[in-house]
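Student: here is the input, now give the coordinates:
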Amino acid sequence: MSLTIDLNGKTALVTGSGGGIGAAIAKVLGIAGANVIVSDVNPTTTEETAAQLNAKALPLDVTDSEAVDSAISQIVKDNGSLDIIVNNAGIYNGYGGPIVDLERERFHSLMKVNVDGVFYCSQAAARVMIKAGNGGRIINIASTQSVSPGVGVSYDSSKAAVLQMTRTLALELGKYDITANAVAPGATWVAAPGDPPPIDIEAAVPRTGEPLGDQVASRIARIPLGRWGKTEEIANVVAFVASPLASYVTGAYYNVDGGWLTL
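Tutor: Residues are numbered from 1 along each chain as shown. Predicted structure coming up:
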């Protein structure tokens, strides 16, 4: 038994990996030996990040179900398999205000990416993994907001749906040796490269006057580890879940939040 994360011979698709957490995930999986495919809705960002990581590029809009099916079929055709999919693509759109003020189109546009996109990609990946018969890993990027509301009904509801979808996938796909797990970032610094600065709560998360939003701001200010998370810290947990070290883990929810949910 090896305690090294070794993904050699595995093909991994990371959606929403043109930057931020997704790019860090793609980088770490590549370091572990995976054949990584960088995917993002922006073709330019996709190509640039893939070139930086010496990975393959696949521009993709995860809200287009036919494009998703076609892309994943092409991945299998070009690489022989799809072993790991990390459903990282997602949007936030700010607090959005209380439900009485929330624009319905804003709600629906977020759900299309954060929920529909995860469903389309998971479905297409599961189909090719089952057909190949070699098992697989489905890893969904959830959020602390999956279980602790505070940033608005659209985002919080979408991430709660991602968590429950993950658990259901674990139940359905276990018999095929396909695991499904969720990794939940807390307050993660994505504004600029390098180490995050000390938490400046008023500058980074302005008080809104809304009870839930201000509760989130208060929690960030009191994170037990006293700092923002780094994108690579999220990526490291994803790499573990993707590896043989997590072969008996499915339906799990990993908080990577500096202790946020203990508050």
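Student: where do the helices sit along the protein?
Tutor: Using DSSP state H, the helices of the chain run over 20-31, 43-53, 65-79, 104-111, 117-132, 153-173, 201-204, 211-221, 231-242.
Student: and those, which is most packed in?
Tutor: helix 20-31 (a mean of 25; mean count of other C-beta atoms under 10 Å). All C-beta spots, glycine's among them, are computed from the backbone N, C-alpha and C.
Student: report the angle between it and helix 43-53.
Tutor: Helix 20-31 and helix 43-53 meet at an angle of 40 degrees, taking axes from the mean of the first three to the mean of the last three C-alpha atoms, to 10 degrees as the criterion.
Student: below-threshold pLDDT in this protein: ranges please.
Tutor: 1-2, 94-97, 200-215 (pLDDT under 70).
Student: in it, which strand is the longest?
Tutor: strand 178-185 (DSSP state E).
Student: same for it, what does it pack against?
Tutor: helix 117-132, strand 136-141, helix 153-173, helix 231-242, strand 253-256 (3 or more C-beta pairs under 8 Å, 6 or more residues apart in numbering; DSSP states H and E).
Student: possible to save these as TSV with distance to residue 73?
Tutor: Output for the helices and strands packed on strand 178-185, formatted as TSV (distance: least, C-beta to C-beta, whole Å):
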stretch	distance to residue 73
helix 117-132	7
strand 136-141	15
helix 153-173	19
helix 231-242	22
strand 253-256	30
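Student: so which of the ones you listed is nearest residue 189?
Tutor: When the helices and strands packed on strand 178-185 are compared by C-beta to C-beta, helix 231-242 sits nearest residue 189, at 7.4 Å.
Student: that closest one packs against which elements?
Tutor: helix 20-31, strand 84-87, strand 136-141, strand 178-185, strand 253-256.
Student: let's see 7 Å
Tutor: Counting contacts by 3 or more C-beta pairs under 7 Å, 6 or more residues apart in numbering; DSSP states H and E, helix 231-242 packs against helix 20-31, strand 136-141, strand 178-185, strand 253-256.
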